[in-house]
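1. Make a model of this:
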Amino acid sequence: MRRNHKMTTQKQQLKVVPVAGRIGAEIQGVQLSGELDPEVFNEIQQAIQEHKVVFFKGQHHLDDAAQEAFAHLLGEPYAHPTVPVKENSNYIFELDSEHGAKANHWHTDVTFVPEVPKYSILRGVTIPSVGGDTVWANTNTAYEDLPEGLRTLADELWAVHTNDFDYADFKPNSVNLEDNETYQAYRATFESTVFKTRHPVVHVHAETGKKHLLLGGFVNKLEGFSSSESEKIRSIFNSYVERLENTVRWQWTEGDVVIWDNLATQHYAIADYEERRVVRRVTVGKNIPVNQQQEPSKLITKK
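-> The predicted structure is shown next:
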């Protein structure tokens with residue numbers, strides 16, 4: 001009886017507060033764990049579907065194991081295809097600025113393979129006193145903002161994604177990166193297996209049925225176009241993704257947790273800080289994108 005009362009109280013305390021007009025909401029009154037009341041968890045899932053990215057403050061009680069336990073509620077955790085998980089964890093991918101890990105360009109996580117993670121769960125561990133915000137963009141409203149002619153073009157396009165480009169690239173204060181041993185070791189790990197995958201530029205979201213642009217930093221080129229032509233066309237689409245109207249910006253504090261629908265968004269970690277920044281991510285679930293003709297993404301090469 002006491003447990004049922006606790007669950008009822010949790011649901012009554014939960015509050016979803018939109019942060020921006022087209023994307024993002026803060027969820028208040030919830031302490032995340034692997035044993036959430038199913039009704040509370042259902043409210044969180046609905047908020048993710050509606051707002052694309054949700055923010056939780058004050059989750060200081062979470063350690064690596066508890067973050068992974070919560071992640072299991074959303075689906076099967078998915079370790080990074082090439083980078084080893086954090087020591088003493090099963091799935092955690094750590095981004096530590098002391099090791100140069102700054103994802104400071106627009107991207108959707110792990111699109112260089114056909115099975116793209118459905119959700120990302122990011123926990124703020126060490127946050128600088130100034131700077132280090134993250135911005136997310138709604139790729140559905142970006143698509144809907146396109147003029148009709150550009151939407152028609154995007155619907156037909158396919159893009160090649162590859163991990164030849166590392167979004168968590170090591171960029172030390174060294175003039176010649178090629179002579180930096182730490183950089184070379186990290187690069188070798190990230191590219192230990194090189195993937196090339198073709199994805200539709202517009203995919204139909206499996207849960208909502210809405211159309212989303214699927215681009216970001218892992219795109220190498222558009223099929224049927226030269227590299228220079230691809231870049232020009234892609235920059236037009238990117239300008240709609242990056243429009244401020246389609247974005248939400250989060251100012252981190254230690255203990256914050258952010259969950260986003262990876263196939264409905266892009267994000268950008270702003271590298272405007274000097275102090276150390278450590279965040280830890282778990283990606284969950286896998287989904288092979290399809291276009292409106294239900295043609296799926298496909299692996300081109302893996303070597």
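2. Nearest spatial neighbour of K298, chain-adjacent residues omitted?
-> Closest residue to K298 apart from its sequence neighbours, by Cβ to Cβ, 6 or more residues apart in numbering: R198 at 5.4 Å. All C-beta spots, glycine's among them, are computed from the backbone N, C-alpha and C.
3. Check the secondary structure at the one you found for me.
-> Secondary structure for R198, judged by DSSP: H, G, I helix; E, B strand; the rest coil, is strand.
4. residue ranges with poor pLDDT in this structure?
-> Across the chain, the ranges flagged by pLDDT under 70 are 1-12, 100-102, 165-192.
5. do that again at 50, thanks
-> In the predicted model, the chain carries pLDDT under 50 at residues 1-3, 5-6, 166-177, 179, 182-183, 185.
6. how about the helices in it?
-> In the chain, helices defined by DSSP state H lie at 2-13, 38-51, 64-74, 139-145, 148-156, 181-190, 227-241, listed in chain order.
7. For W250, find the nearest of these.
-> Taking Cβ to Cβ as the measure, the helices of the chain were each checked against W250, and helix 38-51 came out nearest at 12.3 Å.
8. quick one, the closest one and helix 64-74 angle?
-> Angle of helix 38-51 versus helix 64-74, following axes from the mean of the first three to the mean of the last three Cα atoms, to 10 degrees, is 80 degrees.
9. Identify all contacting residues around helix 38-51.
-> Residues outside helix 38-51 that contact it (Cβ atoms under 8 Å, 6 or more residues apart in numbering): 7, 10-11, 14, 16, 18, 23-25, 27, 30, 36, 54, 73-74, 119, 207-208, 259-261.
10. Also stretch 147-158?
-> Contacts to stretch 147-158, defined as Cβ under 8 Å, 6+ apart, come from residues 143, 146, 198-202, 211, 213, 222-224, 233, 236-237, 291-292.
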